[in-house]
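**Q** next come a sequence and a model predicted from it.
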Amino acid sequence: MTTQAENDILTQTGPGTPLGELARHYWHPALKSEELVADGDPVRFMLMSEKLIAFRDSSGRIGVMDHRCPHRCASLFFGRNEENGIRCVYHGWKFDVEGNCLDMANVPPHQDFKQKVKAKAYKAEERNGVVWVYMGSQENVPGLPEIEATLCPEEDVEILFIVRECNWLQGAEGELDTSHLGVLHMGKVGADVYTKDSINQYVVSNRAPEYMFTETDFGTQYAAYRPADEGNTYWRLGPYLWPFWTMPPICPLDNNILARAYVPIDDENTMMVYWMHNKAELPGKTDRRKEVVGGGDWNFLPNTTDWNGRWRLSDNKKNDYNIDREVQRTKSYSGITGINLQDQAMSESMGEIVDRTVERLAPSDIMITQTRKHIIRAVQAYQKDGTLPKSATDPSVYRDVRGGQFVAPDGEEWLDAYSTRLDAAAVKPPLPEAAE
Ligand code: FES
Ligand SMILES: [Fe+2]
């Protein structure tokens, strides 16, 4: 059972919280590059409960800083983004992307002390269409994580930002909970939907898999298994990667080049950042399957300048995700259109921060229970003597990691089967910067 104290550790990521302090040793995807235009409007946003602004200066550099002006705390969101800096409109103090004060418009030159003033700024880097932010100590900043999908050229991947109105762990645990696939998403799908060569047929002919689990340098990994055809086993593997990442096995391992980060906005809201390579074709995709699972495109509300106003869906908890009870009775298991929206609904329906003390976990939740323990142990080690997980200092631990599905002969050891197939994967996107 997860205690209230453990739930607090797992779900709180604001400044000064145990997991929040540890997570500040990692880079986080925060914005799409396209959201920031040189000398354009500053963007107001939150990361791990800190209220920030981002802007792109005249030279194209990105500034991410505390929204409060160091003078008297007026919000720099209202600032003028001009001539390589942001100028507070209250008294005209101006800051560059590193937070250096360049000018104090309301102070006579002989009383000027701009060298002594610094806005709280965080390092930001751009890679393949995404802006990443590092909120820890600005000395000794590690490299960006070498996560395969995030290293692919922008034109080879679909990148989505989607707000989920609940704590980050509810989103991430949905990805670690593979047995819901055969129920929530495919509860109405019969084996007849799939052709004999589609490996998804094994999900619908046995909806109750068993599990393997292991801990690694990047986090944890599970393998759910069930019988395939005679003499073979069907495997679905999915990792959790520090601090907020998953790679659900939605495609065969061969081309499952995807990653999802559940980045805390605050403790009750999360930005899911989603990469999917255009070679990551869903297996057994048929019109009939689409009909019973529910297709579902993302429909976004217009972005606003609220703290949590970006990338919100129009089907959301306020309209019960537009559930169609007639469709639920007759066609799809949930009546909610689309796999991703079904996931969104289930994790948000638990409440903003689920009370994990009242859960009744089952053997099918082994990845969830073990990953919670893994995170708590790492947080406790960090609190004790500052020990960091290897992933905090070595971005290469994320290399050569995928989730995915495959069929292997009965008796083949799962981790051997996984690494052999990963080595032989047909689709290997280039690893540009990190490979140098
Ligand atoms: S509050 Fe920003 S310059 Fe005074
Ligand atoms: Fe799901």
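**A** Perfect, thanks for sending it. Ligands and ions are numbered 1, 2, ... in the order given.

**Q** let me know the average pLDDT across the helix or strand where Tyr211 lies.
**A** Using DSSP states H and E, Tyr211 maps to strand 210-215. The pLDDT scores in strand 210-215 average 96.

**Q** and that strand, which strands flank it?
**A** Applying DSSP bridges to the sheet, strand 210-215 is found paired with strand 219-227 (antiparallel).

**Q** packing partners for the helix or strand that the partner strand is followed by?
**A** On the C-terminal side of strand 219-227, the closest following helix or strand by DSSP H and E is strand 232-241. Helices and strands touching strand 232-241, by 3 or more C-beta pairs under 8 Å, 6 or more residues apart in numbering; DSSP states H and E, are helix 168-176, strand 219-227, strand 245-246, helix 366-385, strand 404-409, helix 414-423. Every C-beta, even on glycine, is put in place using the N, C-alpha and C of the backbone.

**Q** in the last one, what's buried?
**A** Put plainly, it is helix 414-423. 414, 417-418, 421-422 (16 or more other C-beta atoms under 10 Å).

**Q** same question, stretch 82-96
**A** Neighbour-count burial for stretch 82-96 [16+ other C-beta under 10 Å]: 84-88, 90, 93-96.

**Q** with only the CA atoms kept, save the strand holding Tyr211 in PDB.
**A** Extracted in PDB, the C-alpha atoms of strand 210-215 (Å, rounded to 0.1, in the frame of the first residue of the first chain):
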ATOM      1  CA  GLU A 210       1.600 -11.700 -16.600                       C
ATOM      2  CA  TYR A 211       4.600  -9.600 -15.900                       C
ATOM      3  CA  MET A 212       8.400  -9.300 -15.600                       C
ATOM      4  CA  PHE A 213      10.100  -6.200 -14.000                       C
ATOM      5  CA  THR A 214      13.600  -4.800 -13.700                       C
ATOM      6  CA  GLU A 215      15.400  -1.700 -12.500                       C
END
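
**Q** and it, how far out from the chain middle?
**A** 22 Å (C-alpha atoms, centre = their mean, to the nearest Å).

**Q** does whatever residue of the stretch 101-250 of the chain ends up closest to ligand 1 lie in a helix or a strand, and which?
**A** Closest contact between the stretch 101-250 of the chain and ligand 1, by C-beta to the nearest ligand atom, is at Asn106 (7.0 Å). Remark: Asn106 resides in no helix or strand, with elements defined by DSSP H and E.

**Q** swap in Ile199?
**A** Using DSSP H and E, no helix or strand contains Ile199.

**Q** what about it, neighbour count?
**A** Neighbours of Ile199 under the rule other C-beta atoms under 10 Å: 19.

**Q** surely it and Ile250 touch.
**A** No. Counting by C-beta atoms under 8 Å, Ile199 sits too far from Ile250 to count as a contact (11.7 Å).

**Q** which ones are touching the residue in the stretch 251-400 of the chain that ligand 1 sits nearest to?
**A** With C-beta to the nearest ligand atom as the measure, Thr305 is the residue of the stretch 251-400 of the chain nearest to ligand 1, at 18.8 Å. Contacts for Thr305 (C-beta atoms under 8 Å, 6 or more residues apart in numbering) come out as 43-44, 77.

**Q** burial count for the closest residue in space to Ala392 that isn't next to it in sequence?
**A** Nearest residue to Ala392 in three dimensions, chain neighbours excluded: His25, at 4.1 Å (C-beta to C-beta, 6 or more residues apart in numbering). Applying other C-beta under 10 Å, we find 21 residues neighbouring His25.

**Q** ok so, going back, redo the helices and strands packed on strand 232-241 as JSON lines? Include mean pLDDT and distance to ligand 1.
**A** Putting the helices and strands packed on strand 232-241 into JSON lines (pLDDT from 0 to 100; distance: least, C-beta to the nearest ligand atom, whole Å) gives the following:
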{"stretch": "helix 168-176", "mean pLDDT": "97", "distance to ligand 1": "32"}
{"stretch": "strand 219-227", "mean pLDDT": "96", "distance to ligand 1": "42"}
{"stretch": "strand 245-246", "mean pLDDT": "98", "distance to ligand 1": "37"}
{"stretch": "helix 366-385", "mean pLDDT": "97", "distance to ligand 1": "36"}
{"stretch": "strand 404-409", "mean pLDDT": "94", "distance to ligand 1": "51"}
{"stretch": "helix 414-423", "mean pLDDT": "93", "distance to ligand 1": "52"}
